[in-house]
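Trainee: just a sequence and a predicted model for now, questions to come.
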Amino acid sequence: MGTIYDLAKKTGFSITTVSKALNNYKDVSDKTRAKILQAAAEMDYLPNAHAQSLSTKKSWAIGVMFSEANEVGMKHPFFNGIIESFRHATEEQGYDLIFASRNLRNRDMSYLEHFKHRAVDGIVVICSDRMDEQVQELMRSDIPIVVVDMDSANCSVVYSDNIEGARLAVNYLHELGHRKIAHIAGDETIDAGAARIKGYELAMQELNLPIQPGYLVNAGFFSVDEGKQAMERLLELDDQPTAVFVAGDQMAIGVIEAIHEHGLHVPNDISVIGYDDIEMIQYITPKLTTIRQDTDEIGEAAAELLLEQMTAKERLTERRIIPVRLVERASCAPVKQ
């Protein structure tokens, strides 16, 4: 393995020119850059991903994009669980992850441009906003890609069976005798939010239960505060629900807080069921009944689909829908007679 000085000597260019070529500066001609990168590959000059890719045809790097337009991002435990599972599965195959910085937008560089510059072999998009043009640009590119938590016919996708999950929640509450069931929903611009609304409405229709005015509340982007505010709106109704299906566990924490602050009890007065099964809900009072998404399986499925594409060196379109299940704890009870 040589140094940058050896590379400059071999190519006949100055150290400054070599450095600029390796770092993709625009004031270096394509012919000069190609000559320097080829020499770097021949010398096994490792610091540059582009040079490595010339000799191995792979950078052994995967780009990770979190769409943060909805302010959820990596701080949400559900997405943290997915990326940890994905990281473990891809690292076992020798890949490193490159996380795209949110500062890219301030540098007038798109995520696609950044990932091409870093010569990634594939991209995983997590926490997707289908309205985000950056997401759409990645999905239209020729780089192998898998999108998590969003459906699309244009690329490989992995997501939970959110419609069935919502039906499980409503049917469970119905079995406990509840008929006045409200839904605190995620925003419809997010695929998961829209699918859970659809599942709620479908289940209510199947059970011949009317959705009372005000019982379907948009709580935005799955935060504790938004859940609390949505529940306060339900508590202002003259005809309050006896049970609430909440589209996310973090929102459900805020829901329970609002109910308690109004002098009511969960589950004796109002039953609450969440969605996700994040770790912290096992330690609140009461412990939250919820619909469990399998973050391990989602991450592993995303890794498998992306590895398959990177091995084949082509874009594939495949859909993996991961089953969900009900986890019973202490936040739901039979309706008061």
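Mentor: Right, received. Where do you want to start? Since the structure is predicted, the reported quantities are computational estimates derived from the model, not experimental observations. Numbers count the residues shown, from 1 in each chain.
Trainee: Trp271 against Phe245, yeah?
Mentor: Actually, residue 271 is Ser. It isn't Trp. No. Assessed by CB atoms under 8 Å, Ser271 is found out of contact with Phe245, at 9.4 Å. The way it works is simple: take the backbone N, C-alpha and C, and place the C-beta from them, glycine included.
Trainee: who's more crowded, those two?
Mentor: Phe245 (30 against 24; other CB atoms under 10 Å).
Trainee: residues in contact with the nearest residue to Glu279 once chain neighbours are set aside?
Mentor: Excluding the flanking residues, the one nearest Glu279 by CB to CB, 6 or more residues apart in numbering is Pro77, at 6.4 Å. Neighbouring residues of Pro77 by CB atoms under 8 Å, 6 or more residues apart in numbering: Gln250, Asp276, Ile278, Glu279, Met280.
Trainee: tell me which residues in stretch 205-215 are buried?
Mentor: Under the neighbour-count criterion of 16 or more other CB atoms under 10 Å, stretch 205-215 has Leu209, Tyr215 buried.
Trainee: repeat for stretch 173-190
Mentor: For stretch 173-190, using 16+ other CB under 10 Å, the buried residues are 173-174, 176, 178-187, 190.
Trainee: which stretches of the protein form strands?
Mentor: 61-66, 96-99, 122-126, 145-148, 156-160, 181-185, 216-218, 243-246, 271-276, 289-292, 319-322, 325-327 (DSSP state E).
Trainee: now the ones you listed as JSON lines including mean pLDDT and distance to Met43?
Mentor: Formatted as JSON lines, these follow (pLDDT from 0 to 100; distance: least, CB to CB, whole Å):
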{"stretch": "strand 61-66", "mean pLDDT": "92", "distance to Met43": "20"}
{"stretch": "strand 96-99", "mean pLDDT": "92", "distance to Met43": "22"}
{"stretch": "strand 122-126", "mean pLDDT": "93", "distance to Met43": "27"}
{"stretch": "strand 145-148", "mean pLDDT": "95", "distance to Met43": "32"}
{"stretch": "strand 156-160", "mean pLDDT": "96", "distance to Met43": "37"}
{"stretch": "strand 181-185", "mean pLDDT": "98", "distance to Met43": "58"}
{"stretch": "strand 216-218", "mean pLDDT": "98", "distance to Met43": "58"}
{"stretch": "strand 243-246", "mean pLDDT": "98", "distance to Met43": "58"}
{"stretch": "strand 271-276", "mean pLDDT": "98", "distance to Met43": "50"}
{"stretch": "strand 289-292", "mean pLDDT": "98", "distance to Met43": "52"}
{"stretch": "strand 319-322", "mean pLDDT": "97", "distance to Met43": "42"}
{"stretch": "strand 325-327", "mean pLDDT": "98", "distance to Met43": "54"}
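Trainee: deepest-packed of these, please.
Mentor: Of all the strands of the chain, strand 243-246 carries the top mean neighbour count, a mean of 31, counting by mean count of other CB atoms under 10 Å.
Trainee: quick revisit: shared neighbours of Ser271 and Phe245, anything?
Mentor: With CB under 8 Å, 6+ apart, Ser271 and Phe245 have common neighbours Leu173.
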